[in-house]
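**Student:** Curious how this folds, go ahead:
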Amino acid sequence: DFMGFQECEDVARVLRDGGLEGTYATIPGDHAVAMAYRRGAWEVLGHGMDDVAEDRREQWYGKRGVMWARFRHKETGKTVLFLNHHGPLPVGTGGTCGRHATAWNILRTIAAHADESDGLVLVGDFNADGRCQTIREIERRMHRVYKGGSSAAWTTSSAAAVAPGSSPGGTWVAEAATTTPSTSSSNSDPGEDE
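**Tutor:** Okay, here's the model as predicted:
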């Protein structure tokens, strides 16, 4: 139902080349990050991009953000907050902000834009492996449903299916369940030091 793209300057072209433009609508974002959603099933309630990190000087390409969009399922009325992130460089550093701050900034974005009834899905190429504090901080608050290389996906619902796509450059496909949990782990204060 949802796809997240990293290192993607033209998401409409990707869908067109894949024969999916009639089924999916696109939301382009900043920093070569984008998403697509199944237009027949979901309506967009709002979307945006929050900067959460910046590459370090030795491998600088710019600021890094987390793209977010809230959706309502057209049949059930259930809502989902879908987020897509491309992490800072060098790999495993958290960029200039560091590992903890990058994770907390992502979690702050979730807290700022999620409704308590939303199902949450966070996907991306985090440029961090499972030992990195960025990944571990997010795992303390969300359920990891996929991890491969520097790519990962989390949700607050065990009913969401999330898998990496087959195209290079980082594509994610998420099929969100239309039954969202009654509680959300986004209520934790991401800046709270436990």
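**Student:** Arg141: how many residues sit nearby?
**Tutor:** Using other C-beta atoms under 10 Å, Arg141 has 21 neighbouring residues. No exception for glycine: its C-beta is placed from N, CA and C like everyone else's.
**Student:** element containing the residue positioned nearest the centre of the chain, please.
**Tutor:** The residue lying closest to the centre of the chain (C-alpha atoms, centre = their mean) is Asn84, at 2.3 Å. Using DSSP states H and E, Asn84 falls within strand 79-86.
**Student:** For that strand, name the packing helices and strands.
**Tutor:** strand 2-6, strand 33-38, strand 42-54, strand 63-73, helix 99-113, strand 119-125 (3 or more C-beta pairs under 8 Å, 6 or more residues apart in numbering; DSSP states H and E).
**Student:** Go again with 7 Å.
**Tutor:** Packing contacts for strand 79-86, counted by 3 or more C-beta pairs under 7 Å, 6 or more residues apart in numbering; DSSP states H and E, involve strand 2-6, strand 33-38, strand 63-73, helix 99-113, strand 119-125.
**Student:** how about the ones you listed in JSON lines, adding distance to Thr134 and mean neighbour count?
**Tutor:** Shown next, in JSON lines, are these (distance: least, C-beta to C-beta, whole Å; neighbours: other C-beta atoms under 10 Å):
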{"stretch": "strand 2-6", "distance to Thr134": "15", "mean neighbour count": "28"}
{"stretch": "strand 33-38", "distance to Thr134": "16", "mean neighbour count": "24"}
{"stretch": "strand 63-73", "distance to Thr134": "11", "mean neighbour count": "23"}
{"stretch": "helix 99-113", "distance to Thr134": "5", "mean neighbour count": "22"}
{"stretch": "strand 119-125", "distance to Thr134": "11", "mean neighbour count": "27"}
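**Student:** re earlier: report the beta-bridge partner residues of the residue nearest to the centre of the chain.
**Tutor:** Here Asn84 sits in beta bridges with Met67, Val123, as judged by DSSP bridges.
**Student:** ok now do it, which residues does it touch?
**Tutor:** For Asn84, the contact set (C-beta atoms under 7 Å, 6 or more residues apart in numbering) comprises Gly4, Val33, Met35, Met67, Val123, Gly124, Trp172.
**Student:** how close does it sit to Ala111?
**Tutor:** 17 Å (C-beta to C-beta, to the nearest Å).
**Student:** Likewise for Arg57?
**Tutor:** The value you get for Arg57 to Ala111, if C-beta to C-beta is used, is 30 Å.
**Student:** next one: Phe5
**Tutor:** For Phe5 relative to Ala111 (C-beta to C-beta), the value is 24 Å.
**Student:** what's the answer for Glu139, then?
**Tutor:** Taken as C-beta to C-beta, the span from Glu139 to Ala111 is 17 Å.
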